[in-house]
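S.K.: return atomic coordinates for the entry below.
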Amino acid sequence: MGLPFLAKVLEKHKQSLFENKANPKIPLNFNKAAGIAKERPYALLNEFNIDQEGNVCILN
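M.R.: Alright, predicted model coming up:
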């Protein structure tokens, strides 16, 4: 489950960079998503969001 989630995040980030919606100087931060995935791995199947600070957040 982890690799497909990571691939989706990177693809979305790449698209955001292409559309100038994300700052290329801000790295992605998976801390919040990793915390959720550690306790509930199936949550990686949910939708996610990347905020302006680069935080990858899994939505409920």
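
S.K.: any stretches of this protein with poor pLDDT?
M.R.: In the predicted model of the chain, residues 1 satisfy pLDDT under 70.

S.K.: again, only this time at 90
M.R.: 1, 60 (pLDDT under 90).

S.K.: all strands for it, in order.
M.R.: With DSSP state E, the ranges of strands along the chain come out as 48-50, 56-58.

S.K.: in the longest helix along the chain, what's buried?
M.R.: Assignment by DSSP state H gives helix 2-18 as the longest helix of the chain. Neighbour-count burial for helix 2-18 flags 5, 9, 13 (criterion: 16 or more other C-beta atoms under 10 Å). All C-beta atoms are positioned from the backbone trio N, CA, C, and that covers glycine.

S.K.: circling back to that earlier point, which one, of the strands of the chain, ends up nearest to Pro41?
M.R.: Smallest distance to Pro41 across the strands of the chain (C-beta to C-beta): 10.9 Å, for strand 56-58.

S.K.: was I right about Phe48 contacting Ile36?
M.R.: No - Phe48 lies out of contact with Ile36 (C-beta atoms under 8 Å); the separation is 9.8 Å.

S.K.: not counting its neighbours along the chain, what's nearest Gly33?
M.R.: For the record, residue 33 is Ala, not Gly. Spatial nearest neighbour of Ala33, chain neighbours left out: Val56 (4.5 Å); criterion: C-beta to C-beta, 6 or more residues apart in numbering.

S.K.: same question for Phe30.
M.R.: Val56 is the one closest to Phe30 (C-beta to C-beta, 6+ apart), at 5.1 Å.

S.K.: could you measure from that neighbour over to Asn49?
M.R.: 8 Å (C-beta to C-beta, to the nearest Å).

S.K.: now do the longest helix of the chain: everything it contacts.
M.R.: 22, 24, 28, 30, 33, 37, 41, 44-45, 48, 50, 56 (C-beta atoms under 8 Å, 6 or more residues apart in numbering).
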